[in-house]
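Chemist: Model the structure of this input:
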Amino acid sequence: MRTAIILLTVFVVLVGSCLAGGISVSQSINKATLPFEDSAVFKVTLQWNGTPSAYRFRQPLDTYFDRLRVSGFISSIASTGSGVDEVTTKTYQYTLVPSSAGLGKIDPITINYVTMPDSAEGELVTEAMTVQIHEPIPVKQKNSNILVWLIIALIAVIVVVIVVVIIIRIRRKSAQPPQKSPIEETLDKLATLKQEAGSDMKKFQTGLYHLLRDFLSAQYLIDVDGIDDDALSATFEGKHIPSQQSDKLVQLIVEARRDKFRPVTSEPGDTIRLETEVRELLSNELLSNELLSKL
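Modeler: You can find the predicted model right below:
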């Protein structure tokens, strides 16, 4: 008999309810007394006859807890039955933990709702509830020292991990090959294009146009796709490119763009000579950039 009384005291559920029209509200808390190191579950339950869409509610609920704070919250809605027998239940569940010892209070909660489809407004109010919160259990000094050492050990592990990560990143960065400039990448791709095109001038010119287009976009932020041949020269103004080099680039781009869309005949060695001409032009540009960087 004594055991049953103790269990009843520990797991007591306090419940209140309120009814308004076709909807009712009730609230409950699963513990009347609460150890400071424990938590309690506080629920607000709404129930009505009809579908889940019969009512709309303002979110979130306006709640106030004294000596208690919310450590978790979930809400759910479900219905049983169908047609005229359908019953819907909506639940708001709060997990509460003590913030100080004494009499914890849960203020009445006003729940505003709108009936559908006529949009009639109404409200429900829960009842105030209380829970007795015990004093916290004193922490032994020995446990406190262990906690301090655990924190120190954790900080030491974190520092070691950070140092290791930094060292690995530095080594990876030093092991990576230097990043190539747009000119160097274009020269590498030009050699590949020469091998793939062979003596096919049309194929070479098509690939050359794409190489020069990508080079000018990366090096000088010039989009040649959107510029007419007649206006192409003007785009190089203010780009710090010698006029002789810019004129040659314009000539190469215009010829390559035209050869993409017309029959092209060539003599043996024409692609080799053109590739050499482009390579010399870009190599001179690379040399000029290196000299400027040293000034």
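Chemist: How much space separates residue 78 from residue 45?
Modeler: Residue 78 sits 11 Å away from residue 45, taking CB to CB, to the nearest Å as the criterion. Any C-beta I mention is one placed from the backbone N, CA and C, and that applies to glycine too.
Chemist: I misspoke; the intended subject was residue 207.
Modeler: Residue 207 is 72 Å from residue 45, where distance means CB to CB.
Chemist: neighbour count winner among the two?
Modeler: Set side by side, residue 207 and residue 45 show more neighbours around residue 207, with 20 against 17, by other CB atoms under 10 Å.
Chemist: what kind of secondary structure is the more buried one in?
Modeler: Secondary structure for residue 207, judged by DSSP: H, G, I helix; E, B strand; the rest coil, is helix.
Chemist: contacting residues for it?
Modeler: When contacts are counted by CB atoms under 8 Å, 6 or more residues apart in numbering, residue 207 is found next to 193, 196, 197.
Chemist: Go again with 10 Å.
Modeler: For residue 207, the set of contacting residues under the criterion of CB atoms under 10 Å, 6 or more residues apart in numbering consists of 189, 190, 192, 193, 194, 196, 197, 200, 256, 260.
Chemist: Throw those into a markdown table and include pLDDT, thanks.
Modeler: Conversion of the contacts of residue 207 to a markdown table gives the following (pLDDT from 0 to 100):
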| residue | pLDDT |
| --- | --- |
| 189 | 91 |
| 190 | 90 |
| 192 | 93 |
| 193 | 90 |
| 194 | 86 |
| 196 | 90 |
| 197 | 86 |
| 200 | 87 |
| 256 | 86 |
| 260 | 76 |
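Chemist: residues of stretch 197-216 that come out buried?
Modeler: Neighbour counts over stretch 197-216 (16 or more other CB atoms under 10 Å) mark 197, 201-209, 211-213, 215-216 as buried.
Chemist: now do stretch 92-100
Modeler: 92, 94, 96, 97, 98.
Chemist: Just name the shakiest helix or strand of the protein by mean pLDDT.
Modeler: Among the secondary structure pieces of the chain, namely its helices and strands, helix 2-10 has the lowest mean (mean pLDDT, DSSP states H and E), a mean of 40.
Chemist: all helices of this protein, in order?
Modeler: When secondary structure is read from DSSP state H, the chain shows helices at 2-10, 141-175, 182-197, 201-220, 243-259, 270-294.
Chemist: Looking at the ones you listed, which one is packed in the most?
Modeler: Between the helices of the chain, the one whose residues have the most neighbours on average, counting mean count of other CB atoms under 10 Å, is helix 201-220 (a mean of 19).
Chemist: Sketch out the low-pLDDT regions of this structure for me.
Modeler: Under the criterion of pLDDT under 70, the regions of the chain flagged as low confidence span 1-21, 139-144, 174-177, 286-295.
Chemist: Run a quick neighbour tally on residue 52.
Modeler: When neighbours are counted by other CB under 10 Å, residue 52 registers 13.
Chemist: my guess is it meets residue 89, correct?
Modeler: Yes - using CB atoms under 10 Å, residue 52 makes contact with residue 89 at a distance of 9.3 Å.
Chemist: on that earlier part again, now the common contact residues for residue 78 and residue 45.
Modeler: Between them, residue 78 and residue 45 share the neighbouring residues 89, 90, 91, with contact defined by CB under 10 Å, 6+ apart.
Chemist: if I read this right, the second one contacts residue 76, doesn't it?
Modeler: Yep, that's residue 90 we're talking about. Yes - between residue 90 and residue 76 there is a contact under CB under 10 Å: 7.3 Å.
Chemist: Of these two, which one has the most company?
Modeler: The residue with more neighbours, out of residue 90 and residue 76, is residue 90; 21 against 9, by other CB under 10 Å.
Chemist: That one pairs with what?
Modeler: The residues listed as beta-bridge partners of residue 90 by DSSP bridges are residue 46, residue 77.
Chemist: what sits against it?
Modeler: Neighbours of residue 90 in contact, by CB under 10 Å, 6+ apart: 23, 25, 44-48, 52, 55, 57, 75-79, 111, 113.
Chemist: Quick check: it vs residue 26, distance?
Modeler: As for residue 90, its distance to residue 26 is 11 Å (criterion: CB to CB).
Chemist: so what sits against both of the two?
Modeler: In the contact map built from CB under 10 Å, 6+ apart, the residues linked to both residue 90 and residue 26 are 44, 45, 46, 47.
Chemist: Great, nothing more from me.
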